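Provide a 3D model corresponding to the input given below.
(one chain, ligands or ions: 1)
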Amino acid sequence: MSRFIINGGNRLFGTAKIQGSKNSVLPILAATILAKGESVITNCPDITDVDATVKILRHLGCKVTRTEHTVTVDSTNVDKYDIPDELMREMRSSVVFLGAIIGRMGKASLSTPGGCEIGLRPIDLHLDAIQRFGVNIHEEYAKIEFETVKHLEGTNISLSFPSVGATENIILTACLAKGTTVITNAAREPEISDLADFLNSCGARISGTGEGTVVIEGVEKLHPVQYKVIPDRIVAATYMSAAAMTHGKVRLTNIIPAHIAPVIPIFEEAGCDISVTASTLTVTAPPVLHGIKTVRTMPYPGFPTDMQAPVMAMTTVCSGTSVIIETIFESRYKHVSELLRFGSKIRVDGRMAVIEGVKKLTGAKVIASDLRGGAALVLAGAAAQGSTVIDDVKFIERGYEDICGVLSSLGCDIRAERNTTDGTTAESG
Ligand code: EPZ
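Okay, the predicted model is just below:
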């Protein structure tokens with residue numbers, strides 16, 4: 001098991017370049033199987049969720065080569081249509097391969113993706129939508145089999161909830177279907193527009209992403225391309241929290257300010273000065289942060305649920321009381337019990353968390369249990385007085401590329417300790 005060791009209390013200053021978006025690159029890598037041939041995806045983050053996605057691509061028959069931030073996928077010889085159980089369990093978002101596999105192979109077989117740390121994560125919206133393309137679905141306890149009756153037929157789909165994954169799977173299924181597909185109440189996240197931009201550069205005909213209604217006109221075939229993934233807006237906002245909590249000043253480069261717009265008012269309410277240019281954002285924290293009246297997580301362009309934990313970490317050291325309401329996932333407060341170990345004052349009642357700010361946090365021994373909750377623990381450790389040890393950092397490394405290196409470059413005293421196979425520990429960071 002690997003852990004992070006942090007001697008907290010340093011104010012963060014300097015510049016950090018933001019990685020490519022995890023939630024963009026995963027569906028885009030899945031989409032490469034729809035375009036036979038060699039696609040080159042650049043600005044890929046070096047994170048373990050990309051490792052898991054590459055394993056699935058290779059399992060399906062793709063030849064994949066990878067440098068640090070470029071993944072080249074030759075999907076010419078895709079000859080499988082299943083996602084092995086162990087890979088489904090390794091990464092729940094493997095479900096986004098579903099539409100791409102059905103679009104390429106006309107059938108698919110995957111194990112029911114289990115729930116995870118932040119909720120049950122059902123896929124009923126995905127299944128109901130895919131059925132409307134003329135796909136027979138046979139569900140058993142552990143496996144779901146999909147078989148196209150004749151060919152994929154474009155259709156109209158109205159989502160009862162603007163699910164990101166379901167919207168992506170519908171777009172992937174519709175690209176090569178016969179006829180037109182219209183999605184109403186589609187999710188509007190920037191990662192969906194990035195997926196559509198990739199597919200349109202491959203020859204697809206998708207319009208309306210970023211608004212509530214998406215139209216996909218099916219085409220005969222798609223061709224491989226080179227494509228650059230957008231920056232990760234959640235990673236950027238996480239480092240904004242780090243700067244705010246440590247009363248520092250941090251400049252983030254390689255960002256798209258419009259994607260971060262939903263979180264900027266929260267940091268301004270806390271008393272931070274935020275200045276943006278076309279591709280950078282600078283956070284200057286005040287000597288004392290102010291509490292946030294109410295943060296309610298909503299589908300984009302509302303406040304993102306993925307920023308709930310990192311912003312909660314910040315509110316633990318704001319003066320006054322803050323209120324957070326998590327409306328997207330039913331159990332996304334697992335990080336609260338660990339934040340309490342730093343001396344924070346948080347009460348949870350159902351979907352609502354009430355945070356009473358404290359003057360300072362004290363270093364603690366904590367365990368990460370999910371990606372964004374784990375990031376919140378790193379932020380708390382960076383701000384706390386004294387030493388913090390965070391175990392199970394594998395969750396954090398699913399989505400944050402070299403978080404120790406980035407924070408160290410900003411002045412945080414943090415290092416990673418890895419258990420090597422012979423039981424000794426090696427340090428880095
Ligand atoms: C994507 O998950 C992101 N993951 C999540 O980021 C993000 O939190 C979420 O969208 C919301 O923005 C990736 O893009 C890989 P949803 P997804 O379908 O697609 C319910 C992170 O930290 N629902 O929009 O799974 C669901 O239970 C991760 O980077 C159904 O009920 O999210 C949840 O309550 C975590 N039935 C809500 O909708 C379905 O068929 C939102 O889920 C699908 C979803």
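
Return the nearest residue of the stretch 201-350 of the chain with respect to the ligand.
D306 (4.3 Å; Cβ to the nearest ligand atom). Quick note: C-beta positions are derived from backbone N, CA and C, even for glycine.

Report the secondary structure state of that residue.
Secondary structure for D306, judged by DSSP: H, G, I helix; E, B strand; the rest coil, is helix.

My guess is it contacts I234. True?
Yes. With contact defined as Cβ atoms under 8 Å, D306 and I234 form a contacting pair (4.5 Å).

Mind jotting down where the helices sit in the stretch 251-400 of the chain?
257-260, 264-269, 308-315, 334-340, 371-383, 394-397 (DSSP state H, counting those that start in this stretch).

And those helices: which comes nearest Y300?
Minimum separation from Y300 across these (Cβ to Cβ) falls at helix 257-260, 8.8 Å.

Please enumerate residues in contact with the closest one?
Here helix 257-260 makes contact (Cβ atoms under 8 Å, 6 or more residues apart in numbering) with P190, I230, P231, R233, A236, A237, M240, V276, T277, A278, S279, L281.

again, only using 10 Å
Defining contact as Cβ atoms under 10 Å, 6 or more residues apart in numbering, one finds that helix 257-260 is touched by 18, 21, 189-191, 193-194, 210, 230-234, 236-237, 240, 252, 264, 267, 274, 276-281, 300-301, 304, 307.

Just the buried ones from these?
Those of the contacts of helix 257-260 that meet the buried threshold are 18, 21, 189-191, 193-194, 210, 230-234, 236-237, 240, 252, 264, 267, 274, 280-281, 300, 304, 307, by 16 or more other Cβ atoms under 10 Å.

Please narrow these to those residing in strands.
Among the buried ones among the contacts of helix 257-260, the members falling in strands (DSSP state E) are L252, I274, T280, L281.

Can you lay out these as a markdown table showing pLDDT and distance to I414?
Below are these laid out as a markdown table (pLDDT from 0 to 100; distance: Cβ to Cβ, whole Å):
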| residue | pLDDT | distance to I414 |
| --- | --- | --- |
| L252 | 98 | 18 |
| I274 | 98 | 24 |
| T280 | 98 | 24 |
| L281 | 98 | 22 |
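
In TSV, list the residues you listed along with distance to R205.
TSV is the format used below for those (distance: Cβ to Cβ, whole Å):
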residue	distance to R205
L252	35
I274	38
T280	34
L281	34
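
which stretches of the protein have low pLDDT?
Residue ranges of the chain with pLDDT under 70: 1, 114-115, 420-425, 427-429.

residues in contact with the residue of it positioned farthest from its centre?
Distance from the C-alpha centroid of the chain peaks at K150, with 35.1 Å (Cα atoms, centre = their mean). When contacts are counted by Cβ under 10 Å, 6+ apart, K150 touches G106, G134, K178.

Which member of those residues is positioned nearest the ligand?
Distance to the ligand across the contacts of K150 (Cβ to the nearest ligand atom) is lowest for G134, with 19.4 Å.

Let me see the domain layout of this structure.
As given by automatic domain parsing, the domain ranges for the chain are 2-17+254-428, 22-228.

distance between the first one and the chain's centre?
I take that to be domain 2-17+254-428. 15 Å (Cα atoms, centre = their mean, to the nearest Å).

repeat for the last one
When C-alpha coordinates are averaged (Cα atoms, centre = their mean), domain 22-228 and its chain have centres 15 Å apart.

That domain vs the ligand: in contact?
Yes. Domain 22-228 lies within reach of the ligand by Cβ under 6 Å from any ligand atom, at 22-23, 26, 93, 119, 121-126, 161, 163-166, 187.

So which of those residues are in helices?
K22, N23, L26, D124, L125, H126, V164, G165, A166 (DSSP state H).

Drop anything exposed from those residues.
Counted by 16+ other Cβ under 10 Å, those give K22, N23, L26, L125, H126, V164, G165, A166 as buried.

Need the max-distance pair from the residues you listed.
Among those, the pair separated by the greatest distance (Cβ to Cβ) is K22 and L125, at 21.3 Å.
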